[in-house]
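K.L.:
what would the 3D arrangement of this be:
(4 chains)
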Amino acid sequence: MTLNIILIGFLAATFLMVIAKRITALVRTFRIQSIFLFLYTLYMGLCQQHLELFVVCGLVFILKVVVIPLVLLRIMRRINVEEDLGLLINPQLSLVIALIFAYLSYLFAHNAMGLPYSQALIAFIASMTVVCIGFFLMVGRMKALGQVIGLLVMENAIFLAASVIAGGMPFFVEIALFFDIFVFIVIVEVFVYKVNRLFTHIDTSKMQSLKG
Amino acid sequence: MLNTIMVIIGKVFALAIFAPLVSGIIRKTKNTIRMRNGPSVLQPYYNVRKLFLKDEVISKNASWIFYAAPVIVFAGSICALALVLMARPGHLVSNSAAILIAAFFVLSLGRFFMALAGLDAGSSFGGMGSSREVFISSFAEPAAFVAVFVFCMGGGDSFRVSGVLAGFALFMVVIAETSRIPVDNQETHLELTMVHEAMVLEYSGRSLALIELASHIKQMVFFIMLSWCLFPAAGTAPWGWAVFSAEIGVIGIAMAFIEISVAKMRLFRTVDFLSFSFFIALAASIASSLGL
Amino acid sequence: MITFLPKEFFLFDSLTIFFFAVIGLICIPSAIFSIGYLREEALKKKLISWVLLAAFILSMCFVIISGNLFSFLIFWELMSLTSYFLVVLDYKHEKSIRAGTIYLVMTHIGTACLMAAFFILYNYAGSFDYSAVKEAAFALPPSIRNIIFLLLFIGFATKAGVVPMHIWLPYAHPQAPSYVSSIMSGVMIKIAVYGMIRFFVMLLLPAPAWWGAVILVFGIISCLVGVIYALMDHDLKKLLAYHSVENIGIILLGVGAAIFFAARGVIPVAALAMCAALYHLVNHALFKGLLFLCSGSVYKATGLRDIEKMGGLIKTMPATALFFLIGAMGISALPPLNGFVSEWLTFQAFFSGAVESQGAVRIFMIVSAAALALTGGLAAACFVKAFGITFLALPRSARAREAKETGFMMKTGMALLAVPVVIFGVGAGFIAPVILRVSRAVLGVQNAEVSLYLASVLPVLIAVVVLGTALAVFLWFRFCLRTGQVRYNTWDCGYYALDSRTEYTATAFSKPFRIAFSFFLLPYHKSEKIRDSFYHVSKFMYETHTTLVFRKFFYEPLVRFVYSFAWKVRKLQPGSIHLYILYIFITLAGLIALAAIF
Amino acid sequence: MLVALIIIVPVFLMVVSLFVRKIRPLGLINAAGYAGACVAGVMLLKVFLAGGCVPISLWGWIYIDSLSVFFLITTIAVTFAASVYSIGYIRLEIENGEISFRKAGSYFQLFNLFSFTMFIVPLLNNVALVWIAIEMTTLVSAFLVGFHNVKESIEAAWKYIIICSVGITFALLGIIFFYYTSSNDANVRSLEWASMLSGSGMFDPKIVRIALIFILVGYGTKAGLAPMHNWLPDAHSQALSPVSGLLSGVLLKISLYAILRFVILANFSVGYAYSARLFIFFGLVSLAVAGAFILVQKDLKRLLAYSSVENMGLISLGFGFGPFGGIAAGLLQVFNHAVTKALIFFCAGNAVQAYRSNNMNMMRGLIKAMPFTGASMFLGLFALVGMPPFSIFISKLCILVSAFQGGYHIIAAVMLILIAFAFAGLVYHISRIVLGSPPQALPCHKESLSAKLAFLFLGVFIVGFGVMIPQGFLDLLLSCQRLILGQ
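P.N.:
The predicted structure follows:
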């Protein structure tokens, strides 16, 4: 029962992201989403009483709820560029697309993968939807940070999918994944500063000089 | 083997001497039809004799080709005459066509050098003449070759439709080759119309004589081929000189009549004239393939 | 995979030895000529060109020796690569780069077709060796056999310069130094004919009759188109390149007729046709090589290639003029020399073929004989133009005036080619039977009785009669008819001494042909009068050129279409990162949908 | 033990490059280090072949079988050539004032880190760790791509990071699906390679089919296969030449290695035909797209990048015709293309340095301005398009033979046409660069000795493998083929 609540919360946070217009709103909803993810891993840890799961959910909390939003907000303050996210597709249409993704991932999960009806299937569909929405965020948002957050949302969703259908990846692999996301954020931060210094804006739709 | 060679050499000399007479006859008939007296039948001989004794004027820009051309043209026509006499139609079916074609090639050797000599003097007349000569002869060759093929295939003994058609095509080719009226005018010096004359404009004295003789012999070669085409039966023994010279005379008079009755065609109309003769030759080959 | 390396690597039979002779006959004189030709070049350039030349000749030899498809393909590509380097050797001006690129791309397309055919054969034969291919050829289903024939024909035709695929030849040959272009048109395009003979006559037996007919038709088209374009071109080496297209057409006439009659079982005619084709192959190699060497020495002496600016070279360069004349007589099939013998044999083959067959085949043979006759006439016209305008009368430009005779090495090179041209003509009696034996071995028929008696006797007879009468007349003139000679200006209708401007030019010489063939050449005229006042014309400008039909209506539209297609595809990468990510998602979604459905 | 040496070399060199300040000795040490790695690689091959191609697994983290040895050798060879070349290249870049003294030091650090990440990818046992190593290569090489602080290179680097990370994320999803089927049906609890292979018989075909698509699209983005290749021309045209040589020579192949790993896993449950169809699809699309782009290219390095896309398409087609000898041909093409493309990129690097611009219309008469570079570029061109004396001709031939053997006549015909397009484009462009007369304003540019050594080293491989492939290498290829086909 609690699992469904967490999933609903997780999905709600994602849909909030889709309609966010400003970057800070996007970061805040990302934080909420990570919190639900943390709760989910915490609940799984309580059920299975594995010590490793607690370490993992601690890591999730530190990295995804605290560190990454902080880094992103710091970037926003340092490059003091206007908050607007530059939506290529208006919020209403994005919401419709998000729903279409939900149905598509149901089709994908049930027919293509052939998973049996169970609690895991519902969670898996949810995570697939969030993967598609993360993807949509990268495509639909002009600003560079929109793409970064889109990617992080996909990471969250994949982490959720892994823990749902495969009971979580082997411990060491989880640690390595977190380390990888951390390195990714550091490098992206460096590059956003570079883009801002050279282009005086971080709007990727204007970075189209390399053609053909 | 040796006596056939001696016989052929004898015939070659006889016909070589006899050749200018034919063109004399043709000129004579033309004049009489035009109600004019004109020079006697032996006039070509007098011309040749006169030219052999006169001095020669040679252009400064001319090279050794200018000297060599008349000699090669004359030798070529003599050799063509010898070849035509060798190629007896009828019993040597496959070889006679080959020999006749070799005769055509030998004539083209003479023409090649004559065209070069035309260009050698550096005057525009010569260039014009050789360009036209080569133009006409290259279109005449396919019709001639096909006509000869068809005629030899028919085995020149009996009277065949394909033989006659081939003969008619060959007749049109002969008009073009021996520069008769519809294609080229022998007697004029008007640069618009002259072809063969333009090439030899630079020549004088004994080389001009040689060239005149060569053109007479060439005409004789063609008339002999024509006589086998048009009167096949006459070729058998007893091979009287009279019958043969009668045929040549008839062909000459026919040629004269055509010269009189037709006006000279524009140069580029000769292409249609020769392609018409080619199609007649093709018709002859179709007739021969149907076994007519 | 790599385990298919062939067992029998080399193969020696009469065909290979014959082609060895052809290569030897041409490459040695050209190499000697190159010594003279490269005398002033820097040492480094000399070394590079000799190494490349050696590699080029070696690769050609190996193509002929190779006993399997794999090494045939390797050395075939090596031959194209080394000849590309030779074409691009003096890379100063843009033209040779463009020529090199067109050449390489066209040969690559040809080789791609060859590769496809070889691999289909490999599938059926199980190994690359000729013997395995020969056995597998019997069991080939007719449809596969025809596809292989078409692919091989396109491949070899592109290399040989048969008409639809000939456009690289007039670009590549003139750009190469002349000793290279003499080897290229003398020998390299013959290697393609070797390929055709090897595959269509010896390996892919039993060859159906329509193969021969196809080759015959393409031969006719190549003959006529080659000679018409040669007539219209006034660049000496381009003219000779077009003549290579024409002569390849003549060789293909022979080969086509041979295959056609072999398929119909008329063996004597097939043997005669193949003998004529091989004989013309050697002859063409000889006189084309000679002509290219002469054009090289003319280029070395005057620095010109356009015959409109040359003239009167016979007085300053007598030796080159004589050699060029011998070559010109050879190529225009004038009796005592070799061109006459091989073209005459081809006529005999057609004639005896026509006699043997009935109905449509007879007419087909006669029409092809007519085409050959027309080509012969036009070729003679073209070489009258080429020799007359280049060597005779007055020099038309300053550089033609100061021309000097070329060095000794070059003359020996040319002489070494001129002498065989004469020997192969007059001495046909000794050479024709040898080539007949080769053609019998190629067709695999030992008992075909072909009477070459006439072919051996007649050239000698003609030579004797012509030379005899000429000598007689000469002696008669010299001794018993002593008349004077006066050297005076050319007849100028009494106005003024003529100079080189009133001479006949090559454009004027070929004007009747341009009008006669205007339906194919589509000539373009533009004349313009620049007037000082209404009455005084200060300058009169006349420009004419003919359009290259194949290039204008087939190759250029093709290239334009490919480029426009490429520009459309270029829009796939407009630079926006969003679109790139969308591509990934679409491929993923598409593939999943496909996987789910199937 | 040898393997440990190979892994330590880049780490040690990175540490050294932190301390050594002067560029010249740093370059030499770098090259010497990789020379040692090369020797170790060859000895590893000998030991491996002597041992009869038995997979070695050290301390559980490292797992070596014929496939990883093959890719390791390719990587080492090209990295050694790149390190030799970058000595002279960096020195000339500093003289031209393109990069500052300090940045040259950071170049060598990044270079070693990049090669370290590429060395360990074929060696790692755990499939997820392979994923992380490839992710690391992306992040490290992003700095190398964006090395010049110029608008274009930063834009290229940004696109490189984002597109590759998206691709890799999908690959992670694929790995999770594989993990799900393995733990679900074959109850294999770990992502170790050996255990997954043993359990691969019982995978659920439906899920494996989907997982393989994710893997192919994911790692295909990194491998530069067609619909997902858009980052490749931007990254290659902006990166430094030694780096772009490494990128197209090795990085594309490494991601192909990862794909092959999963194809082996999918063999037993879904059969090779399924992945063959996918390979053929990607191969044909790559050939088509690359052929079109090569024809209308203006920038030299982008031209070479597209020729890499074309060759990757050819390699995947080779794998597509797998069961008929295509895999060995594809792998041979992997090695040949890596070596040839590295040579041509290094020559392009020299040319770009001399002419100061990537635009091909400004480059004329390279063979006059820089004879050695011009000659090697010309020969490199003919090696790349597959002319006989060179090695790519053999591998291209074998791919075509396997295509016809497999009965794919139409696909082979389409392949031949598309290769002809690319051939025409490449010859047209590069022959205009190499030949012709150089612009007068060109200062006479001297070619560094190390560049010449790098060209010779690569030339030996190109011509050597064209003439006669060593037997040891052949056995390695055939054992890889047996491994992939699962005999």
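K.L.:
ok, and the closest non-adjacent residue to D:N126?
P.N.:
Spatial nearest neighbour of D:N126, excluding adjacent residues (C-beta to C-beta, 6 or more residues apart in numbering or on different chains): D:L191 at 5.0 Å. No exception for glycine: its C-beta is placed from N, CA and C like everyone else's.
K.L.:
give me the number of residues near residue 204?
P.N.:
If you meant another chain, say so; for now it's chain A. For A:T204, the neighbour count with other C-beta atoms under 10 Å in any protein chain shown is 25.
K.L.:
switch to chain D, please.
P.N.:
19.
K.L.:
distance of the closest residue to it other than its chain neighbours relative to D:A211?
P.N.:
Ranked by C-beta to C-beta, 6+ apart and with sequence neighbours excluded, the top spatial neighbour of D:D204 is D:T181, at 5.1 Å. Going from D:T181 to D:A211 by C-beta to C-beta, to the nearest Å gives 7 Å.
K.L.:
again, but for C:A403
P.N.:
On the measure of C-beta to C-beta, C:A403 and D:A211 end up 79 Å apart.
K.L.:
higher neighbour count, these two?
P.N.:
Higher neighbour count among C:A403 and D:A211: D:A211, with 26 against 22, using other C-beta under 10 Å.
K.L.:
closest to the centroid, which residue in chain C?
P.N.:
The C-alpha lying nearest the average C-alpha coordinate of chain C belongs to C:S244 (C-alpha atoms, centre = their mean; 2.2 Å).
K.L.:
OK, contacts around it?
P.N.:
By C-beta atoms under 8 Å, 6 or more residues apart in numbering or on different chains, the contact list for C:S244 reads C:G161, C:L169, C:H173, C:S185, C:I189, C:G226, C:H284, C:K288.
K.L.:
the fifth one: neighbour count?
P.N.:
Looking back up the chat, that one is C:I189. Neighbourhood size, C:I189 [other C-beta under 10 Å]: 26.
K.L.:
what's around the nearest residue to it once chain neighbours are set aside, how many residues?
P.N.:
Spatial nearest neighbour of C:I189, chain neighbours left out: C:A160 (4.8 Å); criterion: C-beta to C-beta, 6+ apart. Residues within reach of C:A160, counting by other C-beta under 10 Å, total 29.
K.L.:
please tell me how far the residue in the stretch 151-300 of chain C that chain D sits nearest to sits from D:L384.
P.N.:
Nearest to chain D, among the residues of the stretch 151-300 of chain C, is C:L151, at 9.6 Å (C-beta to the nearest C-beta). As judged by C-beta to C-beta, C:L151 and D:L384 stand 25 Å apart.
K.L.:
those two - which one has more neighbours?
P.N.:
When neighbours are counted by other C-beta under 10 Å, C:L151 and D:L384 differ, and D:L384 comes out ahead with 28 against 21.
K.L.:
OK, contacts around the closest residue to the more buried one other than its chain neighbours?
P.N.:
Of all residues not flanking D:L384 in the chain, D:T340 sits nearest, at 5.2 Å (C-beta to C-beta, 6+ apart). Applying C-beta under 8 Å, 6+ apart to D:T340 gives the contacts D:G380, D:A383, D:L384, D:F390, D:S391, D:I392, D:L458, D:I462.
K.L.:
show me the contacts for the closest residue to D:V467 other than its chain neighbours.
P.N.:
Nearest residue to D:V467 in three dimensions, chain neighbours excluded: D:P389, at 7.1 Å (C-beta to C-beta, 6+ apart). By C-beta under 8 Å, 6+ apart, the contact set of D:P389 is C:L78, C:L81, D:V463, D:G466, D:V467.
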